[in-house]
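Enquirer: Output the structure for:
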Amino acid sequence: MRGKPLKRIMRTAVVLGVFLSVLFLAYSLMGARQQPRAKRPAREKSVKPIWSASAIFSGDMPAQTSPFVIERGRWRLHWETDGPPNSASLSFTVFSVNQALPPILEKNGIHPPDAGTATFRQGGVFYVLVSSYEANWRFFVESSNP
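Expert: Take a look at the predicted model:
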């Protein structure tokens, strides 16, 4: 009687082994028929811009900066402000001297200490209109190669 359960276990193991072998063989054949993946086109290396200072403005009261010229390519405006954090505030708007264009950047209610940067892809002549209450402010205009 002891031999019959052992034979049944052995037979089950053989059948399972054959089943797994057939399954592995089928999977291997399916993999061989698959088309090779198309190569992805190589990514173009992004050229990091070289930034150079175009203008620097600073103050501690409301003002309109002198106009600055951006010939072409990208440019960015970086701002910093400091002053009493509970009472000082800064707002500013960047305009094109071309009166037909809307403001290109408007920031309101900035409380010191704060800093930020905005990047643009628009050439022209621009100025910054600054509204300040007890805040010291600095603007750095930088342009880059295209």
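Enquirer: The helix or strand hosting residue 55 packs against which elements?
Expert: For residue 55, the host element (DSSP states H and E) is strand 51-59. On a contact count with 3 or more CB pairs under 8 Å, 6 or more residues apart in numbering; DSSP states H and E, strand 51-59 meets strand 68-70, strand 124-133, strand 136-144. To be clear about C-beta, it is placed using only N, CA and C from the backbone, and glycine gets the same treatment.
Enquirer: what are the pairing partners of whichever helix or strand comes after it, and which direction each?
Expert: Note on strand 51-59: by DSSP H and E, the next helix or strand toward the C-terminus is strand 63-64. Here strand 63-64 is paired, per DSSP bridges, with strand 124-133 (antiparallel).
Enquirer: any idea of the mean pLDDT for the partner strand?
Expert: Taken as a whole, strand 124-133 carries a mean pLDDT of 95.
Enquirer: Return that strand as CSV; C-alpha atoms alone will do.
Expert: Extracted in CSV, the C-alpha atoms of strand 124-133 (Å, rounded to 0.1, in the frame of the first residue of the first chain):
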residue,chain,number,x,y,z
GLY,A,124,12.9,94.0,-27.5
VAL,A,125,13.3,96.9,-25.1
PHE,A,126,11.8,96.5,-21.6
TYR,A,127,11.6,98.2,-18.2
VAL,A,128,10.4,97.2,-14.7
LEU,A,129,7.9,99.2,-12.8
VAL,A,130,8.5,98.6,-9.1
SER,A,131,6.1,99.2,-6.2
SER,A,132,7.9,98.9,-2.8
TYR,A,133,7.0,99.5,0.8
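Enquirer: Residues touching it, excluding its own?
Expert: Outside strand 124-133, the residues that touch it by CB atoms under 8 Å, 6 or more residues apart in numbering are 57, 59-70, 77, 81, 87-98, 104, 137, 139.
Enquirer: how far is it from where the chain is centred?
Expert: 26 Å (CA atoms, centre = their mean, to the nearest Å).
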